[in-house]
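*Asks:* Just to be clear, the model below is a prediction. Sequence and coordinates:
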Amino acid sequence: MTEREAIEGAWRDLVATARRTVADGLVVGTSGNVSVRVGDQVLVTPSGVPYDRLGPGDLTAVDLDGRRTAGALEPTSELPMHLAVYRTTGATAIVHTHAAHATAVSTLVTELPLIHYMAAALGGPVRVAPYALYGTEELAENMLGALRDRTGCLLRNHGTVTYGTTLDQAYDRTAQLEWMCRVWLAASSVPGREPALLSAEQVREVGEKLRGYGQRRPQ
């Protein structure tokens, strides 16, 4: 596969993932954004363009310094967040959403309570990054602090950020985070009752077990 073919394939997968965030109710309109790294280039959703209108000719890419390498459209306004993750982690895909339940939780706590063991899939208790204006370096810095030793976080009064080694993994982590937020909101809304929470040790135990989760490929 040539570099051009790899980039074109990655763009198709990115557009499909972006459209999935809309179909699954994780974003409304043009909110949220998706990116994928191919070598030293970062393919990103363009700013203010509905995902169902994106086609092969709309490919938008920048280098790790944010300089445009492909496309005529302006990249997402949240480019500083995406580049910060790629510069400091081994991520090759990022999904950012304005998911309703996760955004609601971000206004209530500084860390998502350990309502479910799948917090382990994100590296442990999910932190909430302090609020900052969208598209700023300040927000990117706040996000990096919340992502320390994690693969996902909440952004106060804003939404979610998750990353992974593939778009599917980054998306699945986003979906799991939104689901956990929804469960906690539902459980904590029952009058006179407090939801049972897991301990950090219990979540660490799950994290160890998840290392061997899934199908093993034959040697």
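*Replies:* Received, thanks.
*Asks:* Relative to residue 126, how far out is the residue sitting nearest the centre point of the chain?
*Replies:* The residue lying closest to the centre of the chain (CA atoms, centre = their mean) is residue 162, at 2.4 Å. Taking CB to CB, to the nearest Å as the measure, residue 162 and residue 126 are separated by 10 Å. To be clear about C-beta, it is placed using only N, CA and C from the backbone, and glycine gets the same treatment.
*Asks:* can you list residues touching both of these two?
*Replies:* Between them, residue 162 and residue 126 share the neighbouring residues 152, 153, 177, with contact defined by CB atoms under 8 Å, 6 or more residues apart in numbering.
*Asks:* Which one of these sits in the busiest neighbourhood?
*Replies:* For the shared contacts of residue 162 and residue 126, the largest neighbour count, defined by other CB atoms under 10 Å, is 30 neighbours, found at residue 177.
*Asks:* Starting from residue 185, give me the distance back to the residue of the chain positioned farthest from its centre.
*Replies:* Most distant from the centre of the chain: residue 192, at 33.9 Å, with distances by CA atoms, centre = their mean. Applying CB to CB, the value for residue 192 to residue 185 is 16 Å.
*Asks:* element containing the residue nearest to residue 65 when sequence neighbours are not counted?
*Replies:* The shortest distance from residue 65 to any non-neighbouring residue, by CB to CB, 6 or more residues apart in numbering, is to residue 83 (7.8 Å). When secondary structure is defined using DSSP states H and E, the element that contains residue 83 is helix 79-88.
*Asks:* Sketch out the low-pLDDT regions of the protein for me.
*Replies:* Within the chain, the stretches with pLDDT under 70 are 212-219.
*Asks:* As a check, name the ranges of all helices in it.
*Replies:* Counting by DSSP state H, one finds helices in the chain at the ranges 3-23, 79-88, 100-106, 137-146, 167-188, 200-210.
*Asks:* would you turn these into a markdown table with distance to residue 47?
*Replies:* As requested, these are exported to a markdown table (distance: least, CB to CB, whole Å):
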| stretch | distance to residue 47 |
| --- | --- |
| helix 3-23 | 13 |
| helix 79-88 | 9 |
| helix 100-106 | 20 |
| helix 137-146 | 15 |
| helix 167-188 | 20 |
| helix 200-210 | 36 |
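*Asks:* coming back round to it: run the angle between the helix holding residue 83 and helix 137-146 for me.
*Replies:* If you take axes from the mean of the first three to the mean of the last three CA atoms, to 10 degrees, helix 79-88 sits at 40 degrees to helix 137-146.
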